[in-house]
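K.L.:
okay, predicted coordinates and the sequence, questions at the end:
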Amino acid sequence: MRIGIIAEGFADANVIKALVQKLTGCKDVDIYLLRPEEIFDETDLNAMNFSNWNLVFESCRDEVLLDAFFEEIEGDAILVVHIDTAERGSKGYDVDIPQRSRGVDYSEYSVLLRGNVKSKIESLIAEPYRDRIAYAIAIEETEAWLIPLFDKGSGDTSSHVRVKEHLSSLIGVDKKNVKKYIDTRHKSLDYVKLGKELAKNLNRCRCRNKSLDLFCDDIERLFL
């Protein structure tokens, strides 16, 4: 089984790769980054090395890209499409947005918004491939999936609107976490390590974030 990933960025892709490996047992060599493509040196730079939510939609429309992945290499394949919803109000995103107000049930909100984004992506993908897609639609941002590792609360973590900042502040409270999960050379979170930690604690984290749980459901369904 081959698994392709189209994601908004390398950080998201690293988290998703760890989850897919945990849920399927696939090895790293079975997982391909279609967008953004991995960069091994400066000579590898090309347009596919970059990504954002708009380019994710563009890749989903790209039948040449999808044909090459699904048809040109032998064997079964599934494709993971990742997108955050933090930019859902931006021009070109174009999805219906459920009301987000005081007292909202964020688990229910996540189901509704994810469903609307999923419908948008499905409309872009060529029909023959639609039943081979797993939707990594992170309500707000992928970092919301990681918050339960450091926050022992009970609510759905999609309730946070400044997700990256909140995750960074939670990690910063503990010096051991800072040393383990922050890449001091680049002054950024280490998403490879965070993804692996999420995979180790997946059952607990799924209970705290509905969009993470639904993505895992997709992977498990496709591997039955």
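P.N.:
Now that the structure is in, tell me what you want to look at. Keep in mind the model is a prediction, meaning the values are calculated, not measured.

K.L.:
now Gly155: how far from Phe57?
P.N.:
30 Å (C-beta to C-beta, to the nearest Å). Where you see a C-beta, it was placed from the backbone N, CA and C, and this is true even at glycine.

K.L.:
before we move on, what about Ala144?
P.N.:
Distance from Ala144 to Phe57, counting by C-beta to C-beta: 21 Å.

K.L.:
more neighbours, these two?
P.N.:
Counted by other C-beta atoms under 10 Å, Ala144 and Phe57 do not tie: Ala144 has more neighbours, with 29 against 19.

K.L.:
OK, contacts around that one?
P.N.:
138, 157-158, 160, 163, 209, 211-212 (C-beta atoms under 8 Å, 6 or more residues apart in numbering).

K.L.:
try Cys205
P.N.:
145-146, 148-149, 198, 212.

K.L.:
ok, and the closest non-adjacent residue to Ala126?
P.N.:
Glu63 (5.2 Å; C-beta to C-beta, 6 or more residues apart in numbering).

K.L.:
show the pLDDT at the one you found.
P.N.:
pLDDT recorded at Glu63 is 95.

K.L.:
returning to what we had before: closest to Val111 out of the contacts of Cys205?
P.N.:
Proximity of the contacts of Cys205 to Val111 (C-beta to C-beta) peaks at Leu212, which lies at 12.4 Å.

K.L.:
pretty sure the closest one sits against Arg206.
P.N.:
Yes. Here Leu212 reaches Arg206: they are 5.6 Å apart, a contact under C-beta atoms under 8 Å.

K.L.:
need the longest helix for the protein.
P.N.:
If you go by DSSP state H, the chain has its longest helix at helix 106-124.

K.L.:
who are the packing partners of that helix?
P.N.:
helix 53-61, strand 77-84, strand 133-138, helix 210-222 (3 or more C-beta pairs under 8 Å, 6 or more residues apart in numbering; DSSP states H and E).

K.L.:
quick one: average pLDDT of that helix?
P.N.:
97.

K.L.:
for that helix, give me every contacting residue.
P.N.:
Under C-beta under 8 Å, 6+ apart, the answer for helix 106-124 is 57, 60-61, 81, 83, 85, 88, 94-98, 100, 130, 133, 135, 137, 139, 155-156, 158-159, 209-211, 214.

K.L.:
buried only: go through those residues for me.
P.N.:
Buried members of the contacts of helix 106-124, scored by 16 or more other C-beta atoms under 10 Å, are 57, 60, 81, 83, 85, 88, 95, 98, 133, 135, 137, 139, 156, 158-159, 209-211, 214.
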